[in-house]
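> A structural model of the following input is requested.
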Amino acid sequence: MNRKISLLVGLIINFSFAFAQELSVKSMREATQDLSARTIPCMDLNNVECALVKVQIVGEGVMFSGNVMGDVKYKGNEYWVYMPNGSKRLKVTHPDCLPLEISFDNYGISRLRSKTTYVLTLTKEQPVTPIIEKTKTGYISILSDRKLLPNDLANKTKKELEILRNMIYARYGYRFKRDDLFNYFSQFAWYKPTTSDASVAYNRMSSIEHYNIDLIKKYEK
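Okay, the predicted model is just below:
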């Protein structure tokens, strides 16, 4: 592997901030057969029955913010979070992870409905640790200035490859629809989202960047 790219990939993988892991959404769905929101109700400030989001994640000490009503109930790796009818977002804070902002619309649920139970499953992943400020420009320039070689991508995990590919989109201001990618790149001062259209960002790229995206995609399969 090219020595320069090896050094920077090493910094990406080995340099660690205080956070050991990242939260990500594995799935979110309406639990049509689960009547908990009706049988164990919680009322909002207008005395209307709330929706219930059962958040499944291993570990205690997880906190939730947004339109959360009443006390969150912990039931053995499942948190019961009551939210008013029409709620669209939830913020999850885990003691060992970066906070995660979840937009329900990204998972096919435009807004929560009263008296309805939902199951939100979260996972904790070992991240590709954040790129430190002094190396971020250098790494982006490698992706933009020359065609990657197969050896550059050998032995990279699927997560690492995904970050590398989307780093090019991030450079051209793509506003990621996935919460995990948006939160990841929002850590960096150079990320300035200007478009929600991936094709706009793609058309701003050079032929080298198009080549590198296609090559990375082959290794992601």
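> drop to CA atoms for contacts and neighbour counts, all remaining ones
Fine.
> Skipping its backbone neighbours, what lies nearest the residue nearest to the spatial centre of the chain in space?
Nearest to the geometric centre of the chain sits residue 180, at 0.9 Å (C-alpha atoms, centre = their mean). Nearest residue to residue 180, sequence neighbours excluded (C-alpha to C-alpha, 6 or more residues apart in numbering): residue 24, at 6.1 Å.
> in stretch 98-114, what's buried?
Residues of stretch 98-114 classed as buried by neighbour count (16 or more other C-alpha atoms under 10 Å): 98-104, 111-114.
> Report the contact partners of the residue nearest to residue 180.
100, 122-125, 180 (C-alpha atoms under 8 Å, 6 or more residues apart in numbering).
> Now tell me which helix or strand of the protein has the poorest mean pLDDT.
helix 3-14 (a mean of 39; mean pLDDT, DSSP states H and E).
> just how off-centre is the helix or strand just after that helix within its chain?
Reading on from helix 3-14 to the C-terminus, the next helix or strand found by DSSP states H and E is strand 22-30. Its chain's C-alpha centre and that of strand 22-30 lie 9 Å apart, by C-alpha atoms, centre = their mean, to the nearest Å.
> Same check on stretch 210-217?
That offset, for stretch 210-217, works out to 22 Å (C-alpha atoms, centre = their mean).
> For it, give the mean pLDDT please.
Stretch 210-217 shows a mean pLDDT of 94.
> just stretch 93-113 next, same as before
91.
> Can I get that stretch in CSV? Just the C-alpha atoms.
The C-alpha coordinates for stretch 93-113 follow below in CSV (Å, rounded to 0.1, in the frame of the first residue of the first chain):
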residue,chain,number,x,y,z
THR,A,93,-27.4,9.4,24.3
HIS,A,94,-25.4,6.4,25.4
PRO,A,95,-22.7,6.8,28.1
ASP,A,96,-20.1,5.0,25.9
CYS,A,97,-21.1,6.4,22.4
LEU,A,98,-21.6,9.5,20.4
PRO,A,99,-25.2,10.9,20.6
LEU,A,100,-27.5,9.8,17.8
GLU,A,101,-30.2,11.9,16.2
ILE,A,102,-32.9,9.7,14.7
SER,A,103,-35.3,10.9,12.1
PHE,A,104,-38.2,8.4,11.9
ASP,A,105,-38.9,9.3,8.3
ASN,A,106,-35.6,7.7,7.3
TYR,A,107,-37.1,4.4,8.3
GLY,A,108,-40.5,4.7,6.5
ILE,A,109,-42.4,6.3,9.5
SER,A,110,-43.3,9.9,8.7
ARG,A,111,-44.5,10.5,12.2
LEU,A,112,-45.6,8.5,15.3
ARG,A,113,-49.3,7.7,15.8
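> Roughly how far does residue 164 sit from residue 194?
20 Å (C-alpha to C-alpha, to the nearest Å).
> can you give me the helices for this protein?
3-14, 36-39, 133-145, 150-153, 158-171, 179-185, 198-203, 207-220 (DSSP state H).
> Export the contacts of residue 24 as JSON lines, with columns for distance to residue 47.
As requested, those are exported to JSON lines (distance: C-alpha to C-alpha, whole Å):
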{"residue": "100", "distance to residue 47": "29"}
{"residue": "122", "distance to residue 47": "30"}
{"residue": "123", "distance to residue 47": "34"}
{"residue": "124", "distance to residue 47": "36"}
{"residue": "125", "distance to residue 47": "39"}
{"residue": "180", "distance to residue 47": "34"}
